[in-house]
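A.B. asks: sharing a sequence plus its predicted fold:
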Amino acid sequence: MDKSYQPQDIEQRIYDRWEEEGYFIPEGDGTPYCIVIPPPNVTGTLHMGHAFQDTIMDTLIRFHRMLGHRTLWQPGTDHAGIATQMVVERILNTEGKSKHDLGREKFIERVWSWKEESGGSIAKQTRRLGASVDWNRDRFTMDDGMLEAVQKVFIQLYEEGLIYRGKRLVNWDPVLHTALSDLEVLSKDENGSLWNFRYPLASGNGHLVVATTRPETMLGDSAVAVHPDDERYKDLIGQEIILPIVGRHIPIIADDYVDPEFGTGCVKITPAHDFNDYDIGKRHNLTMHNIFDDNAAMNDEVPKEFRGMDRFDARKALIAKFKSLDLLEKIEDYVVKIPRGDRSNAIVEPYLTDQWYVKIEPLAKPAIKAVKTGRIKFVPENWSKTYFDWMHNIEDWCISRQLWWGHRIPAWYDNEGNIFVGNNEKEVREKNNLGDIPLRQDSDVLDTWFSSALWPFSTMGWPSKTNELKEFYPGNVLVTGFDIIFFWVARMIMFGLKFMDDVPFREVYIHGLIRDQDGQKMSKSKGNVLDPIDLIDGIELEALVDKRTKGVIQDHLAPKIEKATRKQFPEGIQQFGTDALRLTFASLATNGRDIRFDLGRIEGYKNFCNKLWNAARYVLINTESLDEGDLKFSSADRWIRSRFNNATTDMQKHLTNYRLDLALQSAYEFTLHEFCDWYLELSKPILQSDNIPDAEKRGTRKTLIEVLEATLRLLHPLMPFITEEIWQTVALRANLEGETIMLRPFPKALSEAADDKAVEDIEWVKQFILGVRQIRGEMDISPGKLLPVILQDASATDLSRIKSQELLLERVGRVESVTSLKDEKPPAAATAFLGDMRMLVPMKGLIDIKTERARLKKQREKINLDLQRSAGKLNNKKFINNAPAQIIAQEQQRVIEFERVIKQLTEQLEKLNELT
RNA sequence: GGGCGAUUAGCUCAGGGGGAGAGCGCCACGUUGACAUCGUGGAGGCCGGUGGUUCGAGACCACCAUCGCCCA
């Protein structure tokens, strides 16, 4: 093995071998275990969130595979309708073309070829992360099988009346020219104005003042509404207004919706361009005046002078007009909720169109029940509340999109506007006896999330009754972020229950979202994006700056981004390797919702990798001669096996509970602080001393190699590459069978490995050595200097341990000699305490009396505080009367202990005083 | 307006009724036959505030403050 750990030398080679050998394919006859990957956007690249998520899933998958389960991790990508179409349109724009120049068919061809090109980079990145997905089953949401599934679902829902076509207000994106679902619209506060207009009464007796944030919509007003109980306007209800500029007579109506406190208490009603007004319009049977075209420009419904104007130009023109007519009462500053499309960022317009909808309530009901009754469990549990809140208020789902890229809606129209739904035109004609009358297919495509909702079963061959479905549906757990609980999780549950008659997964593990070191969302325009591959391979500063500033759409941000990047990464990013990155992600997989990615942590985990690497080197160097013969296991040997047992138990527990951070913590703690810090050090005296019998050396060698091998398996789910690389050599040395660590069993806790006696002995040894080290450290004595230790008040147990563990004490504690004081007077010395025993390190030339006195005083002060606290508790009658006996006993024990140590310290201090 | 979450060491975060923990950073000593990507020792916290429950509260409850997210 090389002297230091070099991730780039091993990762690619190991992954290639795993894949070639087919280790990712479900195997054996264990209980099936399955995770379906949340399919990333096929034309994107993996970001930190994907890498985080993949790490969690791969850890779970590897863990279960090693537990002997028949394990499937289903991979795939999503066609991501709007996002992908936009990317390709942007490419066309740079060529000076639009999608209309190509036409629908050619455009779609173009998207497919782009998909082929860019889909590969996701797969490549996924491989770099070590993800053990079954590539043989890679799926895409627009491949042929998916089409079949999508059509079957659509047709069945249509035939059951759960999909319908309807004309109503939708969120219209006037830039992308498509409808959006409620979820795809993000509303944000923006600074705007509130315009107060005077609307003259038809009676000629004055006017009403209405306030609006959207003056341009007044051309479509159908009424003015007031609250029914509003005394100011009670008499006017039923009268009419002459709508300025338009000249239309519109009624004054009463509706509870109106807030009399807001503005003047009079509200203009525009049913065709506002969701609330739409409802009021329906209640009062108002006429709908649609005044926009699909660019959100004024159509022919409006007076000539405004026709063809963009909505914002029309706003200006109308305000000017009101002013000139002296109908503008005032303008106030006002914060307005502005709805924008999540992809285009264009201001979305409520717009009256024909769209396809899923009637959601009949699907939502069983989906709510499935979570309520525990058939599906959210982890952490409180996310189920978020789920319920949405599901209880859910509205019908608009599933049609006026895009070209996506699953085309399987509906045909004849010239009379009749709708025929079926798999294809031929089938539709035959089924409906249409002969050869003209038919045209609906030009819309389905919302991307429609096909995503089928993912857990469509990937497994549904609607055919495949073996995969039988084995792997429902999946065990869905691993995803809370941002898509509504978009995706809820819809999978609804469709799974509807079409598979079972939940799609038993548990939903919701993880946090990765943010930058300041808690900011990572985004291109902020220039704070980290590419997981750059953390694995490292990247030069110039390349990083280039990468971050190149893709920025708003040019003026580039210098700022460059400056921040240069400041944060003055030397670029060093190479950390996949395992270190994965460990970092695991440590961040807590129950929180925001996760700040901190570079300091990944560096620490790279060091941990190096530590493991070198520990393995030590073990291999020292086990070259694994000869046969009698075995005798030392206390240290039995201790480390016992401790490993505990680590295994913890690891199993935490992985089962999706607490990867705690799992890592216990594995890390064991590997670093028990195996490396202590066991390897304790093994050295045994292996390096001439006086140790061969049987005992064999015992230690065997323990070294066996515990290392088991530790590698313990760590494998978290850090697959380095453990595989080391394991290959270790397995050879240990004469183990098996081609790969990833198919070896996960360690089991063995009750026979627990050894309390050995644990007590070695804990005592540790205390002894720590005592010496503390004196050494605080006295600034060089670590290499051998120290004599004199014991006072040693018990019989102490003395027997001294005898049996002398070698460890001397070599690991770097102690020259251990002698026991009989009746003679103790020398001036620095002191450490181990139970009743005192450990004296004589002072001559080594130790400054003043320093030692200060040190002991400080210790005494601290313990004295503890003593007072415990004594205070025991003097408290209420405590004695109420606390459990065990706690009281513990407190009494403490008092005895503290008093003893204080006595020892005081004696020692007096002794030092005598010397000065 | 409704809901959810966060507040613990300089930084990033665990912990969830019976003596405050990790990693990084900081200080000191050090090249000891795996590792300087290192070792050893140390410093550093009224666990956001106020009340309450309890023998006992970072932890449970109420209210408040600050920050953040989701839904209208």
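C.D. replies: Great, that's in hand. Residues are numbered from 1 along each chain as shown, chains lettered A, B, ... in the order given.

A.B. asks: tell me the contacts of the nearest residue to A:P745 once chain neighbours are set aside?
C.D. replies: Of all residues not flanking A:P745 in the chain, A:M66 sits nearest, at 6.0 Å (C-beta to C-beta, 6 or more residues apart in numbering). Any C-beta I mention is one placed from the backbone N, CA and C, and that applies to glycine too. Contact analysis of A:M66 by C-beta atoms under 8 Å, 6 or more residues apart in numbering lists A:713, A:716-717, A:742-746.

A.B. asks: work out the gap between the lengthiest strand in chain A and the centre of the chain.
C.D. replies: For chain A, the longest strand by residue count, based on DSSP state E, is strand A:185-200. Relative to the centre of its chain, strand A:185-200 is centred 38 Å away, using C-alpha atoms, centre = their mean, to the nearest Å.

A.B. asks: ok, stretch A:714-725 next?
C.D. replies: Distance of stretch A:714-725 from the chain centroid (C-alpha atoms, centre = their mean) equals 21 Å.

A.B. asks: near RNA strand B, which residues of the stretch 251-400 of chain A show up?
C.D. replies: In this structure, the stretch 251-400 of chain A approaches RNA strand B at residues A:337, A:382, A:385-386, A:389-390, A:393, judged by C-beta under 7 Å from any atom of the strand.

A.B. asks: 6 Å - rerun?
C.D. replies: With C-beta under 6 Å from any atom of the strand as the criterion, the stretch 251-400 of chain A meets RNA strand B at residues A:382, A:385, A:389.

A.B. asks: any idea how far A:M142 is from whichever residue of the stretch 1-150 of chain A sits closest to RNA strand B?
C.D. replies: Proximity of the stretch 1-150 of chain A to RNA strand B (C-beta to the nearest atom of the strand) peaks at A:S4, 3.8 Å away. For A:S4, the distance to A:M142 equals 47 Å [C-beta to C-beta, to the nearest Å].

A.B. asks: more crowded one of these two?
C.D. replies: A:M142 (22 against 9; other C-beta atoms under 10 Å).

A.B. asks: wait, that one sits on A:H407?
C.D. replies: Yes. Between A:M142 and A:H407 there is a contact at 6.8 Å, judged by C-beta atoms under 8 Å.

A.B. asks: quick check: neighbours shared by these two?
C.D. replies: By C-beta under 8 Å, 6+ apart, A:M142 and A:H407 have these common neighbours: A:S451.

A.B. asks: neighbours of the closest residue to A:A663 other than its chain neighbours, how many?
C.D. replies: Nearest residue to A:A663 in three dimensions, chain neighbours excluded: A:H654, at 3.7 Å (C-beta to C-beta, 6+ apart). Number of residues near A:H654 (other C-beta under 10 Å) recorded here: 18.

A.B. asks: and the next helix or strand past the helix or strand hosting A:H654?
C.D. replies: For A:H654, the enclosing helix or strand under DSSP states H and E is helix A:635-656. Note on helix A:635-656: by DSSP H and E, the next helix or strand toward the C-terminus is helix A:660-668.

A.B. asks: alpha carbons only: can I get that next one in CSV?
C.D. replies: What follows is helix A:660-668, C-alpha atoms only, in CSV (Å, rounded to 0.1, in the frame of the first residue of the first chain):
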residue,chain,number,x,y,z
LEU,A,660,-26.8,8.7,9.2
ASP,A,661,-25.1,11.4,11.2
LEU,A,662,-25.3,9.4,14.4
ALA,A,663,-24.3,6.2,12.6
LEU,A,664,-21.2,7.9,11.2
GLN,A,665,-20.5,9.3,14.6
SER,A,666,-20.4,5.9,16.3
ALA,A,667,-18.4,4.4,13.5
TYR,A,668,-16.0,7.3,13.5
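
A.B. asks: what angle do it and helix A:635-656 make?
C.D. replies: 170 degrees (axes from the mean of the first three to the mean of the last three C-alpha atoms, to 10 degrees).

A.B. asks: who does helix A:660-668 touch, helix- and strand-wise?
C.D. replies: helix A:578-588, helix A:635-656 (3 or more C-beta pairs under 8 Å, 6 or more residues apart in numbering; DSSP states H and E).

A.B. asks: quick one, what contacts A:A615?
C.D. replies: With C-beta under 8 Å, 6+ apart, A:A615 has these contacts: A:671, A:675-676, A:680, A:708.

A.B. asks: what about the residues you listed, which are in helices?
C.D. replies: Of these, the ones assigned to helices by DSSP state H are A:L708.

A.B. asks: okay, the contacts of A:A615 in a markdown table with neighbour count and pLDDT next?
C.D. replies: Formatted as a markdown table, these follow (neighbours: other C-beta atoms under 10 Å; pLDDT from 0 to 100):
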| residue | neighbour count | pLDDT |
| --- | --- | --- |
| A:T671 | 22 | 95 |
| A:F675 | 23 | 96 |
| A:C676 | 18 | 95 |
| A:L680 | 19 | 96 |
| A:L708 | 25 | 97 |
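
A.B. asks: ok, and of the contacts of A:A615, which contact RNA strand B?
C.D. replies: Within these, those near RNA strand B by C-beta under 6 Å from any atom of the strand are A:676, A:680.

A.B. asks: take the contacts of A:A615 and keep only those in strands.
C.D. replies: Reading strands off the contacts of A:A615, I find no matches (DSSP E).

A.B. asks: could you chop chain A up by domain?
C.D. replies: Listed by automatic domain parsing, the domain ranges of chain A are A:178-350, A:514-575, A:596-749, A:755-847, A:849-916.

A.B. asks: could I get the ones you listed as a markdown table with distance to A:Q441?
C.D. replies: Shown next, in a markdown table, are the domains of chain A (distance: least, C-beta to C-beta, whole Å):
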| stretch | distance to A:Q441 |
| --- | --- |
| domain A:178-350 | 17 |
| domain A:514-575 | 35 |
| domain A:596-749 | 46 |
| domain A:755-847 | 74 |
| domain A:849-916 | 76 |
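
A.B. asks: among these, show me which one is buried the most.
C.D. replies: Of all these, domain A:596-749 has the most neighbours on average by mean count of other C-beta atoms under 10 Å, namely a mean of 19.

A.B. asks: pull the distance from it to the chain's centre.
C.D. replies: With C-alpha atoms, centre = their mean, you get 29 Å for domain A:596-749.

A.B. asks: and it, how far apart are its ends?
C.D. replies: 35 Å (C-alpha to C-alpha, to the nearest Å).

A.B. asks: contacts for the strand or helix carrying A:E724 next, please.
C.D. replies: According to DSSP H and E, A:E724 maps onto helix A:720-733. Helix A:720-733 is touched from outside by A:1, A:5, A:7, A:10-11, A:14-15, A:18, A:58, A:62, A:130, A:132, A:577-579, A:582, A:609, A:612-613, A:616, A:619-620, A:623, A:626, A:705, A:708-709, A:712-713, A:715-716, A:736, A:738, A:740-742, A:744, with contacts defined as C-beta under 8 Å, 6+ apart.

A.B. asks: what's the angle between the next helix or strand along the chain from it and helix A:635-656?
C.D. replies: Downstream of helix A:720-733, the first helix or strand assigned by DSSP H and E is helix A:756-778. Angle, helix A:756-778 to helix A:635-656, by the same axes, to 10 degrees: 100 degrees.

A.B. asks: no further queries at this time; thank you.
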